[in-house]
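# sequence plus predicted model, see below.
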Amino acid sequence: MKHWTQKLEISYDGSDKTYGIYIKVQGDIINLSVKYKSSGKESYTYEGTDRVTGRKVVVVTKQKLSWYLNNNGVESHTEVESPKGIIVTVPATYTVFSVVPIKNK
């Protein structure tokens, strides 16, 4: 099932090396705080919490999260590709979803 996000913001706090991922979709807010954990073959893993619920989250990307800070992503919704996506897992609820950023014009 696909939903268009109303807002997507990715930020970085250099003082504690934490990435913030803020997503608003259909009135729901997801506000994550994650730190780099490890990298593997073609993937980067970040762990942290959902600031709204306090639940543990795991974020996996094929690009470093820092790549998204520079307005990187796909050109339009017709070019959505999984390598450009951010995969979020909430283990406590078995929830998995992905977000594909579209560049600001």
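Looks like it came in fine.

# going by neighbour count, list what's buried in the helix or strand bottoming out on mean pLDDT in the chain.
The weakest-scoring helix or strand in the chain, judged by mean pLDDT, DSSP states H and E, is strand 95-99 (a mean of 80). Across strand 95-99, burial judged by 16 or more other Cβ atoms under 10 Å covers Val99. Yep, even glycine has a C-beta here, placed from its N, CA and C like the rest.

# remind me what it packs against, helices and strands.
Counting contacts by 3 or more Cβ pairs under 8 Å, 6 or more residues apart in numbering; DSSP states H and E, strand 95-99 is packed against strand 86-90.

# partner strands of the strand it packs on, with direction?
Sheet pairing of strand 86-90 (DSSP bridges) gives strand 56-61 (antiparallel), strand 95-99 (antiparallel).

# which one of those strands lies closest to Gly27?
Closest approach to Gly27 among the strands paired with strand 86-90 is made by strand 95-99 (15.7 Å; Cβ to Cβ).

# may I have the closest one exported as PDB, CA atoms only?
Taking C-alpha atoms only, strand 95-99 is exported to PDB below (Å, rounded to 0.1, in the frame of the first residue of the first chain):
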ATOM      1  CA  THR A  95       5.900  -3.000  11.500                       C
ATOM      2  CA  VAL A  96       8.100  -2.400   8.500                       C
ATOM      3  CA  PHE A  97       7.700   0.400   6.000                       C
ATOM      4  CA  SER A  98       9.800   2.400   3.600                       C
ATOM      5  CA  VAL A  99      10.000   6.000   2.500                       C
END
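
# quick one: it to chain centroid distance?
Distance, stretch centre to chain centre, for strand 95-99: 9 Å (Cα atoms, centre = their mean, to the nearest Å).

# likewise for stretch 50-57?
Chain-centre distance of stretch 50-57: 13 Å, with Cα atoms, centre = their mean.

# what distance separates the start and the end of that stretch?
With Cα to Cα, to the nearest Å as the measure, the first residue of stretch 50-57 is 6 Å from its last.

# buried residues, that stretch. List them.
In stretch 50-57, counting by 16+ other Cβ under 10 Å, buried: 50-51, 57.

# Serialize these to JSON lines and add fields for distance to Ile30 and pLDDT.
Shown next, in JSON lines, are the buried residues of stretch 50-57 (distance: Cβ to Cβ, whole Å; pLDDT from 0 to 100):
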{"residue": "Asp50", "distance to Ile30": "7", "pLDDT": "95"}
{"residue": "Arg51", "distance to Ile30": "9", "pLDDT": "94"}
{"residue": "Val57", "distance to Ile30": "9", "pLDDT": "95"}
